[in-house]
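**Q** build me a model from this:
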Amino acid sequence: MLSRTLMIFAGLLGAAGVAAAAGASHGESRNLSAIATIFLAHAPALLALAMLGKGRVLSVASLVLALGAMVFGGDLALREWAGHGLFPGAAPLGGGAMILGWLGVAIAGVAGKSRP
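**A** The predicted model follows:
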C-alpha cells in the first residue's frame, strides 16, 4: 500500500514540477522555479523508493520526504497565486521534513541488511 501511495506522490510531484517549470519559463517567479526544482528532484527519488524501498525506516523516511515536499511546494504555490502561505511556518516545516526524510534514507542505508 505504501509503495502505491509513494507512486501517487511521485506522479503528482512530477506533473506539478513540469507545470511549475513551464510557468517559471514564462515569467520571473522565484516561487515557481523553487517548486519546479524541489518537485522534479524529489519525484524520481520517491518513484525509486516506491519501487525498490524495503523496511520500516526507509518507508517512514520516504513518507516524510513526500509529505515535506508537498507541504513546502503547497506553501510556495499558495504564496504565488493566493498571496498567502498554507499556514505560518509551512515552508520551513516542509523543508525540515524533507531534510529529515533524506537523513532517514541515509540511516536506512547504514542500518539496512545486505541483500543476498
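
**Q** use CA for all of it now, contacts and neighbours both
**A** Fine.

**Q** how about low-confidence regions in the protein?
**A** 113-116 (pLDDT under 70).

**Q** what's the helix or strand for the spatially most central residue of the chain?
**A** Nearest to the mean C-alpha position of the chain, by CA atoms, centre = their mean, lies residue 69 at 3.0 Å. Here residue 69, judged by DSSP states H and E, is contained in helix 56-81.

**Q** what's the answer for residue 21, then?
**A** Applying DSSP H and E, one finds residue 21 within helix 2-25.

**Q** what about that helix, distance to the chain center?
**A** Computed by CA atoms, centre = their mean, to the nearest Å, the separation of helix 2-25 from the middle of its chain amounts to 9 Å.

**Q** got it, and stretch 23-32?
**A** 19 Å.

**Q** got the end-to-end distance for it?
**A** 7 Å (CA to CA, to the nearest Å).

**Q** what lies in contact with that stretch?
**A** 20, 21, 33, 76, 77, 79, 80 (CA atoms under 8 Å, 6 or more residues apart in numbering).

**Q** my read: the first one touches residue 14, true?
**A** No - using CA atoms under 8 Å, residue 20 is not in contact with residue 14, being 9.8 Å away.

**Q** please identify the buried residues of the helix holding residue 69?
**A** 57-77 (16 or more other CA atoms under 10 Å).

**Q** that helix versus helix 2-25: what angle between them?
**A** Angle, helix 56-81 to helix 2-25, by axes from the mean of the first three to the mean of the last three CA atoms, to 10 degrees: 30 degrees.
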